[in-house]
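# With the input below, show me the fold.
(one chain, ligands or ions: 1)
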Amino acid sequence: MTPTDETNRLENTTTCLPLAYGSIAFNLGPQADEYHTHKWTLYLRSPDKSFDLSVAISKVVFQLHPSFAQATREVTEPPFEVTESGWGEFEASLRIIWREVAEERSTVLSVELPTVPTADPLPHNINATEPVVSEKYDEVVFTNPKMEFHKLLQSGNNRPLSYPLSKQPAVIEYFRTYDDGADVQNMLAAKKFLEGELRNVKDRLLKADHELDELKTSLTLLKGNPAAAAGGGGGDLGKSVVGGGATSGKVSGGDSGAKLKNKSKSKPALMEQNTAKRAKTS
Ligand code: SLL
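Numbering: from 1, shown residues only. Alright, predicted model coming up:
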């Protein structure tokens, strides 16, 4: 990491700044007037709750829906947020103006303000006291950052925050915590689950292949034995079919496999039941 003489930028270096941004909207309930049915906060924050974003940002410009008086809101100090009340959903944008030392162009992010349920009465599965939270995580990558800016970014969590995470205490409650360790654990668990599913599917495919082979063999036998097909060899036919039938316990495994593709991922208990039934009836 050597700074160039002329520009004072770090060569072959990238610095990454994680960001969390979005909206939290509360339903104001049936007493609210029709133009102010909910109260929301649009915000930009650091996913690391102890990191001071203002080391890097000089201001954030929020662009609201044009129906708002003063649709452009500039916030020059953290917390970088806008709290308003309104009646509808819209997509806002926020422009991050980096500190001058950064010599970086501004960064624009878009923020959804999702629908807040206001139907009266509300569907039973919707809890009106819970806000609608819509948050995105992103990382801004600065390539060959100015050395001074790079230092500022490093200093972000070496100082206690001198401001609240939001001026709205109710909002802070809904700021999720990003935890790399937990994320890794979740991903490992998901990987394990998928591997298991894959094994199951492969297993069913193998069984289905095997069953197909057996059916083909039975068919060939039947074709080569017209007496059996004519009925005289009913016993034989029965035998062949029973042969198939016995395997059809397995087929139904294959059957279930095919269904699984369309239906739910796994209902092993049910599947075994079906298998058992088939085996009995055949
Ligand atoms: C919709 N397309 O129809 C959207 C527009 C605009 C919301 C939603 C203004 C509040 C006020 C407001 O809430 N605008 O003027 O105080 O859903």
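
# Okay, buried residues for stretch 176-194 please.
Buried positions in stretch 176-194, judged by neighbour count with 16 or more other Cβ atoms under 10 Å: none. Quick note: C-beta positions are derived from backbone N, CA and C, even for glycine.

# right, I mislabeled it, should have said stretch 58-71
Judged by neighbour count (16+ other Cβ under 10 Å), stretch 58-71 contains these buried residues: Lys59, Val60, Val61, Phe62, Gln63, Leu64.

# again with stretch 75-91
Val75, Pro78, Pro79, Phe80, Glu81, Val82, Glu84, Gly86, Glu89.

# now that stretch, how far from the centre of its chain.
On the basis of Cα atoms, centre = their mean, to the nearest Å, stretch 75-91 sits 24 Å off its chain's mean C-alpha point.

# just stretch 158-165 next, same as before
Centroid separation between stretch 158-165 and its chain, computed with Cα atoms, centre = their mean, is 30 Å.

# can you list contacts of it?
When contacts are taken as Cβ atoms under 8 Å, 6 or more residues apart in numbering, the neighbours of stretch 158-165 outside the stretch itself are Arg45, Lys49, Ser50, Asp52, Ser54, Glu77, Pro78, Pro79, Ile172, Phe175.

# Packing partners of the helix ranked longest in the chain?
Of all the elements of type helix in the chain, the one with the most residues (DSSP state H) is helix 180-223. Contact partners of helix 180-223 among helices and strands, from 3 or more Cβ pairs under 8 Å, 6 or more residues apart in numbering; DSSP states H and E: helix 226-230, helix 234-262.

# if we can go back for a sec, for the contacts of stretch 158-165, which one is nearest Thr115?
Of all the contacts of stretch 158-165, the one sitting nearest Thr115 is Phe175; the distance, using Cβ to Cβ, is 21.0 Å.

# which residues does that closest one contact?
Residues Ala20, Arg45, Lys49, Leu165, Ser166 are the ones in contact with Phe175 under the rule Cβ under 8 Å, 6+ apart.

# got these as JSON lines, with secondary structure, distance to Ser218 and pLDDT columns?
Below are the contacts of Phe175 laid out as JSON lines (DSSP: H, G, I helix; E, B strand; the rest coil; distance: Cβ to Cβ, whole Å; pLDDT from 0 to 100):
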{"residue": "Ala20", "secondary structure": "strand", "distance to Ser218": "62", "pLDDT": "97"}
{"residue": "Arg45", "secondary structure": "strand", "distance to Ser218": "67", "pLDDT": "97"}
{"residue": "Lys49", "secondary structure": "coil", "distance to Ser218": "67", "pLDDT": "92"}
{"residue": "Leu165", "secondary structure": "coil", "distance to Ser218": "70", "pLDDT": "96"}
{"residue": "Ser166", "secondary structure": "coil", "distance to Ser218": "71", "pLDDT": "97"}
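
# Tell me the one of the residues you listed nearest the ligand?
Among the contacts of Phe175, Ser166 lies closest to the ligand (Cβ to the nearest ligand atom), at 20.1 Å.
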